[in-house]
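Novice: Below are the sequence and a predicted model for it; my questions follow.
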Amino acid sequence: MPNSKAQFAFALLVPALMRKLILAATSIALTAGMIALATPAEARGMQWCSRVQGHTSCMYHTHEQCRASLSGRGGTCVRRHG
């Protein structure tokens with residue numbers, strides 16, 4: 001008799017366990033896909049870049065914005081290529 005109860009309990013648990021495993025695998029796959037598709041943000045509309053100690057940051061619409069951000073830090077402003 002205990003064997004049939006164990007089989008019954010196993011029969012009830014397997015589908016629930018499979019659902020959880022499928023849900024977990026799907027969640028992991030979707031998360032991995034979203035991470036793979038994510039690309040670093042590009043400042044396409046930004047025309048000016050600042051260069052300070054070898055670091056370039058292209059986040060300025062105008063030359064004046066770039067120069068203002070460099071005030072007191074040194075560095076140069078260059079027009080973005082492309």
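Specialist: Cool, got the structure.

Novice: What is the least confident helix or strand in this structure?
Specialist: Lowest mean confidence among the helices and strands of the chain (mean pLDDT, DSSP states H and E): helix 2-37, at a mean of 78.

Novice: just checking, next helix/strand downstream of that helix?
Specialist: strand 48-52 (DSSP states H and E).

Novice: Give the pairing partners of that next one; include direction for each.
Specialist: Strand 48-52 has its sheet partners listed here by DSSP bridges as strand 55-60 (antiparallel), strand 76-79 (antiparallel).

Novice: Save those strands as CSV, and put in mean neighbour count, distance to Ala6 and mean pLDDT too.
Specialist: For the C-beta atoms, the positions are set from N, CA and C on the backbone; glycine is no exception. Formatted as CSV, the strands paired with strand 48-52 follow (neighbours: other CB atoms under 10 Å; distance: least, CB to CB, whole Å; pLDDT from 0 to 100):
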stretch, mean neighbour count, distance to Ala6, mean pLDDT
strand 55-60, 14, 65, 91
strand 76-79, 14, 74, 94
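
Novice: Which of the ones you listed sits closest to Gln47?
Specialist: Closest to Gln47 of those, according to CB to CB: strand 76-79, at 6.4 Å.
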